[in-house]
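S.K.: Any chance you could fold what I've pasted below:
(4 chains)
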2 protein chains.
Amino acid sequence: MLPDQTLPREAADSRNGADAPRASTTRNGLKITTDRVNIREVAEQAKVSVATVSLVLNKSPRISRATSLRVQKTINDLGYQPNRLAQSLSGRYTYSFAILLPALRHAFADAYFGEIISGICDRAGKMGYKVILEQAKPQYIKDRKHVELFERRFVDGVLCAGFNDKHRFLADFGECKCPMVLVDNKVASMDHVVCDYRLGAEQALNAILQLGHRSVALIYAAPESQTARQVAEVYARKLADAGIPFDKALTEDGCFTDIGGAAAAEKLMKRRPDITAILANNDKMALGAIRYLQTSGRNVPKDVSIVGFDDLQHSAFANPSLTTVHLPLYEAGGLACERLLERVHGKIDRISENLPTHLVLRESTSLAPILSAAAESARQREPAPATPGSQRVGGHDDGNRG
Amino acid sequence: MLPDQTLPREAADSRNGADAPRASTTRNGLKITTDRVNIREVAEQAKVSVATVSLVLNKSPRISRATSLRVQKTINDLGYQPNRLAQSLSGRYTYSFAILLPALRHAFADAYFGEIISGICDRAGKMGYKVILEQAKPQYIKDRKHVELFERRFVDGVLCAGFNDKHRFLADFGECKCPMVLVDNKVASMDHVVCDYRLGAEQALNAILQLGHRSVALIYAAPESQTARQVAEVYARKLADAGIPFDKALTEDGCFTDIGGAAAAEKLMKRRPDITAILANNDKMALGAIRYLQTSGRNVPKDVSIVGFDDLQHSAFANPSLTTVHLPLYEAGGLACERLLERVHGKIDRISENLPTHLVLRESTSLAPILSAAAESARQREPAPATPGSQRVGGHDDGNRG
DNA sequence: TTCGTTTAGTAAACTGGTTTAACGGTTGAG
DNA sequence: CTCAACCGTTAAACCAGTTTACTAAACGAA
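M.R.: Numbers count the residues shown, from 1 in each chain, chains lettered A, B, ... in the order given. Now for the predicted structure:
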């Protein structure tokens, strides 16, 4: 009622310092606090200034060991924990990253993204960072919510997976100087951490060619994606090196989905029934292709061998289990996270990491049919080149080229 | 140098009001602002108070239409966006939820959790909430980081998936009055949104029994989990209703994994080679079981029928494709998210939702072997009860019991 | 003894919003 | 023609931290 009843904060606080015996419930005569203990109560209790408590929290060397210990004890006694909203508001960092994925149906249920996300979350957790999940739906991009992540201080950085050249909004991050790292894809000259698809393709095709296959098809996807193009390039080159001319009829888009893979396999086999091996740009399409081949009465691997890309966890439990190029997606996620943090902390070097792949030989590949009979009769002379089972074909490939 | 050079904020600001022509770069004579436009600049430009801008932002009815439009225009002109750290610090909400998962290896790569996460993220996005990802590692729980999520104001609520009775830390949320909803599991009397495992088990067993199977095994997992126990209960009851006595030798723990499922199938078949049908508590174990059966020379479904639980996306592309109980995990995630928000906004009703399942008939089930021959000769009289392919066996089951 | 130089700690500005009590002006009832 | 009620707006307290410029005390050297 009286106009002078509202006192400036300092006055009210000092009055409280005299009145209240231990604080923690009532703050000044007028209002009741919201239970949680804050930095001012710690300061009061420890008989130091708020600034000192803050410096202790941030391990500043300007605080003596004695004071630091005393404040630390008060912090423990009171069970004080700093409010991170206040910390981030006045401090430099939010200690959060976002993971941005394409607007696919149930995107987070995809094992490919799942591996990347797991890698990011584990590493981020170790670095003291939280991870938030975002999906780049068309409206989301139109509203520029991806830039808003930075402008409204949701995050310090963004990790993008599953995008390619046609996703023009990726350039926005660069323009706004927002730290962003692409995971397992490259676009223009943006920062990225990728699996070595070139190496993977070499490993897959070496295996296929060594098994004697000559009619080798490729189920590709998203030619807008640099990594996908690299696989196609290596496919063409490796076949050429083996004296097999490139034939467009041997390639088909599988849209990265199992249904797409099945449809692609159908088109391929109808066009070229002589195909004995198919390389697919991911495991989903490979499993889709196997599904089609089996439905259409063919045997995998006896009639047609299949090789995938990814090495998803359930590919080992397919029937037949899938021979595939293992991509270190978990590791790529973790590394991207680490590099992103360095960037946030001011490091300006371009981020461009290439992680080696390796081939996992399982049951979906075998000798080319023509060679099978020959091998049968020749068996007494030497064993078959590849024995089934899950065996890793290791490390670096020579990768010889012109 | 001079002690009186540092003026109180008001003085400095008013001085700036006279000096600076349009603000936005220099704030007072002494310091340069950090580029982003804040609410005070908007207020200045619109010639209203900061409070008014805030009220306009929050669509308070106390502001006249004219003023609101004018302020809105200034906001658009300046491209102002409120800093959400400041909003959350002074406001009531953080507008963030956490998803807490168990500390499994690469937890986010699991399609089961993926479906739930997708459901949560989509719904949270629509409600204007961000979602952060957390994993309940042992050290995490020891450090009480799960409670810290609330204490340090990271989130307004938590959604937990993949836990059961033995995860005692779940009780901490209740004690601290922290809004938490369990997704697809029940523990004690905590708030939850679950799939109706009882109904699902009925649907699966109805199908199995109708196909004439009498030796039906169960691959269960996590008996600490209420939903898992429900499936086991319905399994025992349904068999009893069909005059088949319960036999512990027909049940085996599969640990929810594909490897565990394969191992369980092996133990079961060695103990009871007469088994002709197996119900597994999730798709992973079902696929693992199929894998073992095929490796050991049996045909699925001719020798043994398999039914799973989950209906993960890739189960339709297995060979044979999996007959399974579809769990509305995506929907459960979304609904849990919605209920959690209501709870955060003060609604106190207990949250207990049960979402109906349905059976998806695919290729991994067929007539019991004994009946197959009989059906063959009887074919001219009536068709086989179930035709293969992916057909949904709809809606609610009668679920008759004592 | 006196004058720099550390050292340890603090007051106060600062981050950018929300919210509440109050205020001046207009309107309606008595 | 008052007085009360209402309406739109605002000043200032408030959320809970970080950071900077300053100061008092202790120290060492001249």
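S.K.: and the next element down the chain from the helix-or-strand element of chain A with minimal mean pLDDT?
M.R.: Counting by mean pLDDT, DSSP states H and E, chain A has its least confident helix or strand at helix A:9-19, which shows a mean of 33. Later in the chain than helix A:9-19, the nearest helix or strand by DSSP states H and E is helix A:39-46.
S.K.: helices or strands up against that following helix?
M.R.: helix A:50-57, helix A:65-78 (3 or more CB pairs under 8 Å, 6 or more residues apart in numbering or on different chains; DSSP states H and E). (C-beta placed from N, C-alpha, C; glycine too.)
S.K.: Tell me which of the ones you listed sits nearest to DNA strand D.
M.R.: With CB to the nearest atom of the strand as the measure, helix A:50-57 is the member of these nearest DNA strand D (3.0 Å).
S.K.: Export the closest one to PDB, keeping only CA atoms.
M.R.: Extracted as PDB, the C-alpha positions of helix A:50-57 are listed here (Å, rounded to 0.1, in the frame of the first residue of the first chain):
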ATOM      1  CA  VAL A  50      28.800 -13.800  -4.700                       C
ATOM      2  CA  ALA A  51      31.800 -13.200  -7.000                       C
ATOM      3  CA  THR A  52      34.000 -15.400  -4.900                       C
ATOM      4  CA  VAL A  53      31.600 -18.300  -5.000                       C
ATOM      5  CA  SER A  54      31.400 -18.000  -8.700                       C
ATOM      6  CA  LEU A  55      35.200 -17.900  -9.000                       C
ATOM      7  CA  VAL A  56      35.400 -21.000  -6.800                       C
ATOM      8  CA  LEU A  57      32.900 -22.800  -9.000                       C
END
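S.K.: Is there proximity between that helix and DNA strand C?
M.R.: Yes - part of helix A:50-57 sits near DNA strand C under the criterion CB under 7 Å from any atom of the strand, namely A:50-52, A:55.
S.K.: any idea how far the residue nearest the centre of chain A lies from DNA strand C?
M.R.: Geometric centre of chain A, nearest residue: A:Ile116, 2.8 Å, by CA atoms, centre = their mean. According to CB to the nearest atom of the strand, to the nearest Å, A:Ile116 stands 33 Å off from DNA strand C.
S.K.: one step back: of the helices and strands packed on helix A:39-46, which is nearest A:Ala263?
M.R.: Nearest to A:Ala263, of all those, is helix A:50-57, at 58.9 Å by CB to CB.
S.K.: So for that closest one, mean pLDDT?
M.R.: The average pLDDT for helix A:50-57 rounds to 96.
S.K.: That one - contacts with which helices or strands?
M.R.: Helix A:50-57 packs on helix A:39-46, helix A:65-78, going by 3+ CB pairs under 8 Å, 6+ apart.
S.K.: For the residue of the stretch 201-350 of chain A found nearest DNA strand C, grab the count of nearby residues.
M.R.: Sorted by distance to DNA strand C under CB to the nearest atom of the strand, the residues of the stretch 201-350 of chain A start with A:Val344, at 17.7 Å. The number of residues packed near A:Val344 is 19, by other CB atoms under 10 Å in any protein chain shown.
S.K.: Strands along chain A, start to end?
M.R.: A:96-102, A:130-136, A:157-161, A:180-183, A:192-195, A:216-220, A:251-253, A:277-280, A:305-310, A:323-326, A:352-355, A:358-361, A:391-393 (DSSP state E).
S.K.: Quick one: those strands as JSON lines, columns for mean pLDDT too.
M.R.: What follows is these, written out as JSON lines (pLDDT from 0 to 100):
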{"stretch": "strand A:96-102", "mean pLDDT": "98"}
{"stretch": "strand A:130-136", "mean pLDDT": "97"}
{"stretch": "strand A:157-161", "mean pLDDT": "98"}
{"stretch": "strand A:180-183", "mean pLDDT": "98"}
{"stretch": "strand A:192-195", "mean pLDDT": "98"}
{"stretch": "strand A:216-220", "mean pLDDT": "98"}
{"stretch": "strand A:251-253", "mean pLDDT": "98"}
{"stretch": "strand A:277-280", "mean pLDDT": "98"}
{"stretch": "strand A:305-310", "mean pLDDT": "98"}
{"stretch": "strand A:323-326", "mean pLDDT": "98"}
{"stretch": "strand A:352-355", "mean pLDDT": "98"}
{"stretch": "strand A:358-361", "mean pLDDT": "98"}
{"stretch": "strand A:391-393", "mean pLDDT": "56"}
